[in-house]
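Peer 1: I'd like to go over a predicted model; first the sequence, then the structure.
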Amino acid sequence: MPWRGKTLVGTTESVCKLSPDKIHVHQEEINYLLHAFNYYFPTLSFTESDIIDAYTGIRPLVASKNTLLSQASRDMKILESPGGLW
């Protein structure tokens, strides 16, 4: 996707078991995105040296314990605790 004169490529999705302050972009994610990008745009031949920045984040999904990540709902759900907090 064009973004501020550059190209934004993504996203990936994986289960995160780390504390939010310990997350980082994994090499496997970079490889996956480069492979996909070059598959659809073979004349550009992007490599890791073309990457100027990368970021990561956490998105909570509403799912049961046995739900596959690909089947988890992307809909929002607001839960209220007994104390009235969300």
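Peer 2: Arrived safely.
Peer 1: Centre of the chain to stretch 23-36, how far?
Peer 2: Offset of stretch 23-36 from its chain centre (C-alpha atoms, centre = their mean, to the nearest Å): 10 Å.
Peer 1: what do you get for stretch 39-46?
Peer 2: 21 Å.
Peer 1: next one: stretch 71-86
Peer 2: On the basis of C-alpha atoms, centre = their mean, stretch 71-86 sits 21 Å off its chain's mean C-alpha point.
Peer 1: With stretch 70-86 instead?
Peer 2: Worked out by C-alpha atoms, centre = their mean, stretch 70-86 lies 20 Å from the chain centre.
Peer 1: Only C-alpha atoms, please: export that stretch in CSV.
Peer 2: Extracted as CSV, the C-alpha positions of stretch 70-86 are listed here (Å, rounded to 0.1, in the frame of the first residue of the first chain):
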residue,chain,number,x,y,z
SER,A,70,-7.4,-18.1,11.4
GLN,A,71,-10.9,-18.8,12.7
ALA,A,72,-10.9,-16.3,15.6
SER,A,73,-13.4,-13.4,15.2
ARG,A,74,-12.0,-10.0,14.3
ASP,A,75,-15.2,-8.4,15.7
MET,A,76,-14.8,-6.3,18.8
LYS,A,77,-16.3,-7.3,22.1
ILE,A,78,-16.5,-5.2,25.3
LEU,A,79,-16.6,-7.1,28.5
GLU,A,80,-17.5,-5.5,31.8
SER,A,81,-16.0,-6.7,35.0
PRO,A,82,-18.0,-7.1,38.2
GLY,A,83,-16.4,-3.9,39.4
GLY,A,84,-17.6,-2.0,36.3
LEU,A,85,-14.3,-1.8,34.5
TRP,A,86,-14.0,-2.8,30.8
